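Undergrad: got a predicted structure plus its sequence, pasted below:
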Amino acid sequence: MSQNPRHYTALDQLVEQFDNGLRTLFGRPAITERSNPASAVPETELTESERELAGRLMRINHAGEVSAQGLYQGQALTARLPEVRQKMERAAQEENDHLDWCETRIRELGTHKSLLNPVWYAGSVAIGALAGLIGDKWSLGFVAETEHQVVRHLDSHLAQVASHDEKTRSILEQMKKDEAQHATTALHAGGANLPAPVQAIMQLTSKIMTKTTYWL
Ligand SMILES: [Fe+2]
Ligand SMILES: [Fe+2]
């Protein structure tokens, strides 16, 4: 009996989506071979307010990484070209590293992940899938613009986190490098520059998200 090649149906994809979503939100998603940049850095003494601020900012970053996962998953669902999926796969895996590093730091700082993560994830899958439907060029452009905005966020967080909080800073620095690389990868894979109004809407959305996640 010959073996049938596996064909992925819409239902298979849906099940995989659901599984990815649960892992992202509640489990341990597959990470890369890289180690947490903060694990080799000694803990420094932080004042109560320094610790609280760092915790809130890391919660925002973690929620951003949850959204990044949603975006990549949504995009993979509707991307037309298989090479687009392949090229962005490593980036998506690196977002899992970020997710993991942020979560560890959140715990060390004594706070919690955002309660709204399921909302951010679901919204991002929808946006990613929609962008993928419009076309690979636009969904990759969307990824590139998102990453550029994340780099700017990370810069502002680096400016706010205590200068001696080396553990938090080492994570933010590595994430910043990775996100800039992801943007370049997406542009090289054929991403288009998004029209200014779309960029503005994205900025507004992320503002609402960061303001809410700061508290929740
Ligand atoms: Fe990331
Ligand atoms: Fe990224």
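TA: Okay, I see it. Numbers count the residues shown, from 1 in each chain. Ligands and ions are numbered 1, 2, ... in the order given.
Undergrad: what's around the one residue in the chain that gets nearest to ligand 2, how many residues?
TA: Going by C-beta to the ion, ligand 2 is nearest to residue 182 of the chain, at 3.7 Å. All C-beta atoms are positioned from the backbone trio N, CA, C, and that covers glycine. Neighbours of residue 182 under the rule other C-beta atoms under 10 Å: 25.
Undergrad: give me the helices and strands touching whichever strand or helix holds residue 101, please.
TA: Here residue 101, judged by DSSP states H and E, is contained in helix 82-108. Applying 3 or more C-beta pairs under 8 Å, 6 or more residues apart in numbering; DSSP states H and E, we find helix 82-108 packed against helix 48-78, helix 136-160, helix 166-188.
Undergrad: what count of nearby residues applies to residue 108?
TA: For residue 108, using other C-beta under 10 Å, the count is 16.
Undergrad: which residue packs closest to the residue in the chain that ligand 1 sits nearest to, ignoring adjacent ones?
TA: Closest to ligand 1 within the chain is residue 98: 3.7 Å, counting by C-beta to the ion. Once flanking residues are discounted, residue 98 sits nearest to residue 65: 4.6 Å by C-beta to C-beta, 6 or more residues apart in numbering.
Undergrad: that neighbour touches residue 105, doesn't it?
TA: No - assessed by C-beta atoms under 8 Å, residue 65 is found out of contact with residue 105, at 11.7 Å.
Undergrad: just send the helices and strands packed on helix 82-108 back as a markdown table, with mean pLDDT too.
TA: Shown next, in a markdown table, are the helices and strands packed on helix 82-108 (pLDDT from 0 to 100):
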| stretch | mean pLDDT |
| --- | --- |
| helix 48-78 | 90 |
| helix 136-160 | 90 |
| helix 166-188 | 95 |
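Undergrad: hey, which of those helices is tucked in deepest?
TA: helix 48-78 (a mean of 23; mean count of other C-beta atoms under 10 Å).
Undergrad: which strands and helices sit next to that one?
TA: helix 10-26, helix 82-108, helix 117-134, helix 136-160, helix 166-188, helix 196-215.
Undergrad: which ones are touching residue 70?
TA: 21, 24, 120, 121, 122, 123, 124, 125, 127, 128 (C-beta atoms under 8 Å, 6 or more residues apart in numbering).
Undergrad: just to revisit the earlier point, OK, contacts around the residue of the chain closest to ligand 2?
TA: Residue 182 neighbours (C-beta under 8 Å, 6+ apart): 91, 94, 143, 144, 147.
Undergrad: quick check: closest non-adjacent residue to the last one.
TA: Among residues not flanking residue 147 along the chain, residue 183 sits closest, at 3.7 Å (C-beta to C-beta, 6+ apart).
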